[in-house]
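A.B. asks: My questions are about this predicted structure, shown below with the sequence.
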Amino acid sequence: MLEAIELVKSFGRLRAVDHFSMKIEKGEVKALIGPNGAGKTTFVNLVTGALYPDEGRIRLDGKCIAKLPSYKRARLGLARTYQIPKPYPNLTVLENVLVSSIYSARLKGEEALSNAVEALKFVGIYELADKQASELNAEQQKLLDFARALAARPRYLLIDEIGAGLSPEELDSLATKIRSLAKQGIGILYIGHIMKMVKSVADWVVVMNEGREVAEGTYDQIASNEEVIKIYLGEKGVE
């Protein structure tokens, strides 16, 4: 289980995450939604080590990881994608994924290469393997970011806004891939604004606003929650 317990993070007078807690079980897909500025990405940064909490605890399968650097958390089985991908621009697509295969999954030689190729095939961009990462468009870079996370062989995967810019068909394919990863036993947190994706992938939905949890429940429960509709979904609710 991945546990975040009463996390707090402030930037000056702004409290971006305010005593926020969440648990993610292996094989479960949770969605984290909320308006822009709710604190969702800050929360992901705290869990993965890009930021350190002012207060609170983070446990990965019972091990306290709140003070560990990102690379050590990755080696323990925690991976993420980024809202704005930042690949190594001067490396090829395959070389980008190999970095995760070697330094996060700690594989060598042919095993590292095979792992990287498998990740690229899974996300559907293996045909771009020899391209420079700088040549990819925004959607392709997000899929590369997804492949890099998978090549780390995570036990828990945090996916931040990967669906933006994808076509309906690509979203359906992505949702199927996320569900298949959960069936393999990977615990997944999906962060996004596209409610169709949330409905397709999530077993449970948590709503965040101003750094705090506002509501949680099934998709249908969240979609009919008056407070959620008021702060995030708009007066028309969710289709």
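C.D. replies: Looks like it arrived, so ask away. What you see is a predicted model, and the numbers here were worked out from it, not measured in a lab.
A.B. asks: alpha carbons only for contacts and neighbour counts from here, please
C.D. replies: OK.
A.B. asks: list the helices and strands the strand or helix carrying residue 79 packs on?
C.D. replies: Per DSSP states H and E: residue 79 is located in strand 78-80. Strand 78-80 is packed against helix 40-48, helix 138-151, strand 156-160, with contacts defined by 3 or more CA pairs under 8 Å, 6 or more residues apart in numbering; DSSP states H and E.
A.B. asks: Serialize those to TSV and add fields for distance to residue 102.
C.D. replies: Formatted as TSV, those follow (distance: least, CA to CA, whole Å):
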stretch	distance to residue 102
helix 40-48	19
helix 138-151	9
strand 156-160	18
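A.B. asks: shaky segments in this protein?
C.D. replies: Flagging of the chain using pLDDT under 70 yields the residue ranges 232-239.
A.B. asks: Strands of that one, start to end?
C.D. replies: Under the criterion DSSP state E, strands of the chain are mapped to 2-11, 14-24, 29-33, 55-60, 63-64, 78-80, 156-160, 187-191, 204-209, 212-217.
A.B. asks: Kindly reformat those strands as CSV and extend each row with mean neighbour count and distance to residue 109.
C.D. replies: Output for the strands of the chain, formatted as CSV (neighbours: other CA atoms under 10 Å; distance: least, CA to CA, whole Å):
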stretch, mean neighbour count, distance to residue 109
strand 2-11, 19, 31
strand 14-24, 18, 33
strand 29-33, 26, 32
strand 55-60, 18, 29
strand 63-64, 12, 30
strand 78-80, 26, 22
strand 156-160, 26, 25
strand 187-191, 26, 28
strand 204-209, 22, 39
strand 212-217, 17, 44
